[in-house]
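Visitor: Make a model of this:
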Amino acid sequence: MNHFMPSQFSKRVVASVVVRLLLTFASTSMALGENVEVSAKSQWISTTEIELTVEATIAPGIHIYGLEQSRPILATRIQFDQSDAIESIGSLESVTPPKRHTHEQLGIEVLEHFDRAQWRTRIVVRNGHKLNSINGSLFAQSCEDEKCFPPETYLFQTEISELTSDSEESVALPMAEKLGSVTDVTKQSEAMSILDSLQVTPSANQQATIWSILPLAFIAGFLLNFMPCVLPVVGIKLLSLVKQSELNRRRVLLTNVVYSTGLISVMIVLASLAVFAGLGWGQQFSHLGFSVTLIGLVFAFSLSLLGVWELPSIGLSRTKTESNGYASAFGNGVLSTVLATPCSGPFLGAALAWAVAQPAYWTYTIFVAIGFGMASPFLLIGMFPKLVRFLPKPGAWMIVYKQVTGFVMLVSVVYLISTLPTSAVIPTLLLILGVGIALWLTSFVPVYDSALRRMRVWSVASLIVAVVAVVSFGWLKGVTDQRFERDAIRLLSTRGYGDSLQQVKTLSASLNQQRSIVWENFSKERLEELLQAGKPVFLDFTADWCLTCKSNELLAIETEDVANALLAGNVVAMKADKTVPNPNADQLLRKLGNSSASIPYYAVFPAGQPSKPIVMDGLYSSPDVFVKNIQSAF
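Guide: Modelled structure (predicted):
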């Protein structure tokens, strides 16, 4: 049951990422372009096929990472510009295999290329089309021992060598002699690995330019204000806006600018995590420490709304200075953005998928555009304070509204706790109880009291939280882990399953049969096995912390229509759970065209063409799209 414990791996990952960030920024004076040179060559090998080779020449003492490298280390990525003449692009094969070893701090396998790295693929051209050149890009981060340089994107172009009779005979005829036919060649390559030869048609957004993605990112950010994750904080901001009707124009503008600054600052941090650590939108919730910290913060905000303690700009204080503090406005902006990350609104997935495949400066640009979209209603009010007049006048109703918003925030706390591993629930409840007691103590010292007295009380409050945190996750967490294991064994024994691993799986299968859809747990090996056997597969990438995923499951997936469609076509339903870090799922997401590895995301692998999956993402309120795509798979 170590799966539920705060692992040393997570701590090593966080520490390593921080170290890498510091080293990266410290070494920006040395350009990556001095470390790596990229070239490409291509030639026709038949009338409809091109063999393309991409090569990276790496400076001595420098290395880059393999295509299959798992997070948090950045994998090398190679992409090709789309053309109407191209029918399909095969998977890239490493001609020079990377050196593999286990990272001492992270404990994960590292794939490193030194001196020279070469990758080869085949491109199928549509009949009757002529292709003269191929354009593409290589994204890589170079490192020297433990020092890494900023990642860079290299553009390359290659003119295609003409097809000669000698090359046609040397490639096509021997293959026909050895394997009998072109069909045999295809069957053998699919038998080798279907997941390594996926052909996902890029969406229009992936082929778009910065000028078409920027407005999309802005709209996606604006719509995030209406997602369930953000609504509690928007309620707090609404109170602030109502009170701003009593302020002068300058104060209204500055308060909203500070709120927007807090919001956009988190977006910059998220962009940094995407660029330097490869973390997708919302993936920070995979780490127990982050989730528990956020639960404590949201709980603290809810207690302020309920009047247990007074936080400037949330409480209804006597003075305008207290109730509209810039620090609290900044904090509200930070909290609203952090709470938005479990949600994935319309257009967000498309904008993020494009952003993370671009050079770092475009990635930051898109994330900031999303931030400005979220902040736009408040910046608009800041610039035109008369808009506040459309809101209700300040009055007694605000007290009731504030308390209702406090209870809504508590609902958010319950939801966040529900996403935690079972054995972490009780320690988290004890921790937030300690937070509540500490904040209750601070309520006895008003903000106008002496600085020394306030410092003493807040020091005692901080000490209480620290002690309770140590007790909760230093001692109680171990007790609940053991209790959870005993309860699991007791449940197995009660139901006659014993306590062996196989019997645990039997119980899991028995419980699964009680659902409308019978789900298998995702593994690369099992998925490959099913696809090789010609089975259609519906794959759902999800996580307990992803509210949009849960909404889709409730409204569109766990329905009778989808269950019947799966049953009618004998389609295997598989779930890839990202509640905790899942590098294999992230790797497959990127192969499926989801560069940011964000969720929700869905793939349907047809029985006849498993290497050409149908992919879906976003928010759904009806099962129709799922039913249609599942039916097309058999």
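
Visitor: Send me stretch 591-600 as PDB with only the CA atoms.
Guide: What follows is stretch 591-600 as a C-alpha-only set of coordinates in PDB (Å, rounded to 0.1, in the frame of the first residue of the first chain):
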ATOM      1  CA  LYS A 591       2.100  10.100 -29.000                       C
ATOM      2  CA  LEU A 592      -1.600  10.700 -29.500                       C
ATOM      3  CA  GLY A 593      -1.000  14.300 -30.400                       C
ATOM      4  CA  ASN A 594      -1.600  15.800 -26.900                       C
ATOM      5  CA  SER A 595       1.700  17.600 -26.500                       C
ATOM      6  CA  SER A 596       0.800  19.100 -23.100                       C
ATOM      7  CA  ALA A 597      -0.400  15.700 -21.700                       C
ATOM      8  CA  SER A 598      -3.500  17.500 -20.400                       C
ATOM      9  CA  ILE A 599      -6.700  15.800 -19.500                       C
ATOM     10  CA  PRO A 600      -9.500  15.000 -20.100                       C
END
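
Visitor: For that stretch, what is the distance to the chain centroid?
Guide: How far stretch 591-600 lies from its chain's middle: 8 Å, per C-alpha atoms, centre = their mean, to the nearest Å.

Visitor: That one: which residues count as buried?
Guide: By neighbour count on 16 or more other C-beta atoms under 10 Å, the buried set for stretch 591-600 is Lys591, Leu592, Gly593, Asn594, Ser595, Ser596, Ala597, Ser598, Ile599, Pro600. Every C-beta, even on glycine, is put in place using the N, C-alpha and C of the backbone.

Visitor: Same question for stretch 77-95.
Guide: Quick answer for stretch 77-95 (16+ other C-beta under 10 Å): Arg77, Ile78, Gln79, Phe80, Ile86, Ile89, Gly90, Ser91, Leu92, Ser94.

Visitor: Check those residues and tell me the two furthest apart.
Guide: Ile86 and Ser94 (21.9 Å; C-beta to C-beta).

Visitor: can you give me the offset of stretch 69-80 from its chain's centre?
Guide: Taking mean C-alpha positions (C-alpha atoms, centre = their mean), stretch 69-80 and its chain are 15 Å apart.

Visitor: Quick one: end-to-end distance for that stretch.
Guide: End-to-end distance for stretch 69-80, by C-alpha to C-alpha, to the nearest Å: 20 Å.

Visitor: which residues does Tyr601 contact?
Guide: Gly349, Phe541, Leu589, Leu592, Asn594, Val615, Met616, Asp617 (C-beta atoms under 8 Å, 6 or more residues apart in numbering).

Visitor: ok so, going back, turn the buried residues of stretch 77-95 into a markdown table, columns for secondary structure, distance to Phe301 and pLDDT.
Guide: Converted to a markdown table, the buried residues of stretch 77-95 look like this (DSSP: H, G, I helix; E, B strand; the rest coil; distance: C-beta to C-beta, whole Å; pLDDT from 0 to 100):
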| residue | secondary structure | distance to Phe301 | pLDDT |
| --- | --- | --- | --- |
| Arg77 | strand | 39 | 86 |
| Ile78 | strand | 45 | 89 |
| Gln79 | strand | 42 | 84 |
| Phe80 | strand | 47 | 84 |
| Ile86 | strand | 52 | 84 |
| Ile89 | strand | 49 | 81 |
| Gly90 | coil | 52 | 78 |
| Ser91 | coil | 48 | 77 |
| Leu92 | coil | 48 | 83 |
| Ser94 | strand | 50 | 84 |
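
Visitor: Redo the contacts of Tyr601 as a markdown table? Include secondary structure, distance to Ile213 and pLDDT.
Guide: Listed next are these as a markdown table, based on three-state DSSP; distance: C-beta to C-beta, whole Å; pLDDT from 0 to 100:
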| residue | secondary structure | distance to Ile213 | pLDDT |
| --- | --- | --- | --- |
| Gly349 | helix | 12 | 72 |
| Phe541 | strand | 23 | 93 |
| Leu589 | helix | 19 | 87 |
| Leu592 | coil | 20 | 87 |
| Asn594 | coil | 16 | 79 |
| Val615 | strand | 19 | 91 |
| Met616 | strand | 20 | 89 |
| Asp617 | strand | 16 | 85 |
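
Visitor: Just the buried residues of those.
Guide: Neighbour-count burial (16+ other C-beta under 10 Å) applied to the contacts of Tyr601 gives Gly349, Phe541, Leu589, Leu592, Asn594, Val615, Met616, Asp617.

Visitor: could the residues you listed go into a markdown table alongside distance to Leu530?
Guide: Converted to a markdown table, the buried ones among the contacts of Tyr601 look like this (distance: C-beta to C-beta, whole Å):
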| residue | distance to Leu530 |
| --- | --- |
| Gly349 | 26 |
| Phe541 | 16 |
| Leu589 | 18 |
| Leu592 | 16 |
| Asn594 | 20 |
| Val615 | 17 |
| Met616 | 19 |
| Asp617 | 22 |
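
Visitor: Quick check: Ser611 touching Leu198?
Guide: Yes - assessed by C-beta atoms under 8 Å, Ser611 is found in contact with Leu198 at 5.5 Å.

Visitor: show me where pLDDT drops low in the stretch 101-250 of the chain?
Guide: Low-confidence segments of the stretch 101-250 of the chain (pLDDT under 70): 105-107, 146, 163-192, 201-208, 231, 235, 237, 239, 241-247.

Visitor: Please, where are all the helices along it?
Guide: Listed in chain order, the helices of the stretch 101-250 of the chain (DSSP state H, counting those that start in this stretch) span 165-179, 182-192, 210-224, 231-244, 249-276.

Visitor: buried residues in the helix or strand harbouring Trp458?
Guide: For Trp458, the host element (DSSP states H and E) is helix 451-470. Neighbour-count burial for helix 451-470, counted by 16+ other C-beta under 10 Å, picks out Val457, Ala461, Ile464, Val465, Val468, Ala469.

Visitor: Kindly report the same for stretch 248-266.
Guide: Quick answer for stretch 248-266 (16+ other C-beta under 10 Å): 251-253, 255-264, 266.

Visitor: so what are the domain limits for this structure?
Guide: Taking automatic domain parsing as the domain assignment, the ranges for the chain are 18-184, 210-420, 447-514, 515-631.

Visitor: Reformat those domains as TSV; add distance to Leu430.
Guide: Formatted as TSV, the domains of the chain follow (distance: least, C-beta to C-beta, whole Å):
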stretch	distance to Leu430
domain 18-184	28
domain 210-420	11
domain 447-514	5
domain 515-631	21
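
Visitor: So for Leu439, which of the ones you listed sits nearest?
Guide: For Leu439, the closest of those is domain 210-420, at 4.3 Å, according to C-beta to C-beta.

Visitor: Since that was my last question, I'll sign off now.
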